[in-house]
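I need the structure of the sequence given here:
(2 chains)
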Amino acid sequence: MALLSKKDRGLILDPLADNNPITIQVLGICSALAITAQLKASIVMGISVMFVLGVGNVVISLMRNIIPSKIRIIVQLVVVAALVIIVDQVLKAFAYELSKTLSVFVGLIITNCIIMGRFEAFALGNGPWRSFLDGIGNAAGYALILVVVGFFRELLGSGTLLGFKVLGDPIAKTGLYAIGYENNGFMLLSPMALIVVGIIIWVQRARNKALIEEN
Amino acid sequence: MANTDKNSYTVIFAVVMVLVVGSLLAFTASSLKPAITENERFEKQQNILYAMGINENVEGSVNFVPTNKVEAEFGKYIKEQLVIQNGKIEKDSSAYLINLKQELAKDMSERKLPLFVGEKDGKDYYIIPMYGKGLWDAIWGFIALDENYVVQGVYFDHKGETPGLGANIKERYFMDDFTGEEIMADTEYEGITVAKGNNDPLNERKDDGKVDALAGATITGNGVTAMINSTVKLYIPYLKDLKI
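Presented below is the predicted three-dimensional model:
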């Protein structure tokens, strides 16, 4: 990684673990609960957020000296909303099937707290290149948790991964189902995503005691 | 650099931003519009063909006729497109473009109901479009009947049902269950009910007008029942005429 200085590398790598937007900053929980019932939706949502946050951070960073501070939140909202609409339209025109699977999720990107959080906390005070790295890094941290949660929810809830029946066929009783295994329908409901995220937070903090906040 | 805290600067910035973003979005939307409309048109043709069993399904998953072939396939299998208005049935080769949601909101006398007659292997299929409400948003689909009112296939879709629960109405294991069910009990219209606890999860009884529901998707399932019963019912008097 000679391309990036040590500080820049931190912008990408920190959000993946010790400063993860979901498990440490506890942002973007809403969409993490809503869409992780399937691995595929998690992956596509992760990629879409990466695009919006990467580009959005650069746009906000380029405009950071001319944005009037009184209406900066509105300006940020306009930028996110415009980017999301463009993503939505482009998907509909060139990847129609994909846009069908994503349906409402693309619109939900606007409400993702991570995006507004990074605009406000980082892009308004840093140059475009660093803002871009920060956006990609945070979106990757978000996507990572989404994929992990989506993996467990789809595997335990539906017995499939990306739609493939990895545990056998529940109706024909093959594979694991032959010995009496049942899918856990609870995993498909949003509250279980919260519990999975909770377990990830627990594991992460048990491994790295420095992350535990003092009360 | 101008003083960015001044009110006049703020107002000018806001106006310029709105103009720039507005025209950018308008430009994107209008330049992508033809491609999007085309996709939606192909999708409708794919859905109609899917309901009458023209698809490229491989075990367990839904696969439509590819978009580059759908236009030709649609012309080949759909032999008539009809529009029912005010008790009269007329041919209309663009009936599949009718927006059912808007038509259902209209008064009976102005309502145009599209109906498609398909033919495959010498057998006639009557394909009826459907539109209704699920748990979160709209659900719609197509149902193909033969001349004895036996369901030959269905296709369901939805705008925003819960992934993993209600969204599964567009999965094979739900849609395939409808095939073989009858919508008429003797001469009375019965419809098809998405039923919980009918002790028939594999749907082996085809004459009961019931299909096993999806776990955790009661309201979406009820929406499917209501959609089938309300829309298909409108066509029954005409299907009798057509005979069919």
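
tell me the strands beside the strand ranked longest in chain B, with direction?
What stands out as the longest strand in chain B, according to DSSP state E, is strand B:123-133. The pairing partners recorded for strand B:123-133 under DSSP bridges are strand B:113-120 (antiparallel), strand B:138-145 (antiparallel).

ok, residues contacting the first one?
Think strand B:113-120. Under the criterion C-beta atoms under 8 Å, 6 or more residues apart in numbering or on different chains, residues B:48-49, B:52-54, B:77-85, B:89, B:92, B:95-96, B:98, B:100, B:103, B:124-129, B:144, B:234-235, B:238, B:242 lie in contact with strand B:113-120. C-betas here are computed from N, CA, C, even on glycine.

rerun at 7 Å
B:48, B:52-54, B:77-84, B:95-96, B:98, B:103, B:124-129, B:234-235 (C-beta atoms under 7 Å, 6 or more residues apart in numbering or on different chains).

show me which residues of the helix or strand hosting A:Met45 are buried.
Element membership of A:Met45, judged by DSSP states H and E, is helix A:39-62. Counting neighbours by 16 or more other C-beta atoms under 10 Å in any protein chain shown, one finds that the buried residues in helix A:39-62 are A:39-46, A:48-61.

please list which of those residues also come close to chain B.
A:Ala41 (C-beta under 7 Å from any C-beta of the partner chain).

tell me how far the closest residue to B:Met130 other than its chain neighbours lies from B:Ile78.
On the basis of C-beta to C-beta, 6 or more residues apart in numbering or on different chains, the spatially nearest residue to B:Met130 that is not a chain neighbour turns out to be B:Thr231, at 4.3 Å. Using C-beta to C-beta, to the nearest Å, we find B:Thr231 at a distance of 19 Å from B:Ile78.

then A:Ala34?
A:Ala34 sits 38 Å away from B:Ile78, going by C-beta to C-beta.

count the neighbours of the residue nearest to B:Met130 for me.
21 (other C-beta atoms under 10 Å in any protein chain shown).

surely it touches B:Tyr131?
Yes: contact between B:Thr231 and B:Tyr131 holds when scored by C-beta atoms under 7 Å: they sit 6.4 Å apart.

quick one, what contacts the residue nearest to the spatial centre of chain B?
The centroid of chain B falls nearest to B:Gly141 when counting by C-alpha atoms, centre = their mean (2.3 Å). B:Gly141 sits next to B:Met130, B:Val154, B:Tyr155, B:Phe156, B:Asp157 when contact means C-beta under 7 Å, 6+ apart.

got JSON lines for these, with neighbour count and pLDDT too?
Shown next, in JSON lines, are the contacts of B:Gly141 (neighbours: other C-beta atoms under 10 Å in any protein chain shown; pLDDT from 0 to 100):
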{"residue": "B:Met130", "neighbour count": "23", "pLDDT": "93"}
{"residue": "B:Val154", "neighbour count": "27", "pLDDT": "93"}
{"residue": "B:Tyr155", "neighbour count": "26", "pLDDT": "94"}
{"residue": "B:Phe156", "neighbour count": "27", "pLDDT": "93"}
{"residue": "B:Asp157", "neighbour count": "18", "pLDDT": "91"}
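
out of the residues you listed, the closest to chain A would be?
Ranked by distance to chain A (C-beta to the nearest C-beta), the contacts of B:Gly141 are led by B:Asp157 at 8.0 Å.

tell me the contacts of the closest one?
Contacts of B:Asp157 (C-beta under 7 Å, 6+ apart): B:Trp140, B:Gly141, B:Lys170.

repeat that for 10 Å
When the contact criterion is C-beta atoms under 10 Å, 6 or more residues apart in numbering or on different chains, the partners of B:Asp157 are A:100, A:103, B:43, B:47, B:50, B:138-142, B:167, B:169-170.

so it is in which element?
Counting by DSSP H and E, B:Asp157 is found in strand B:151-158.

report the distance from that strand to the chain centre.
Chain-centre distance of strand B:151-158: 8 Å, with C-alpha atoms, centre = their mean, to the nearest Å.
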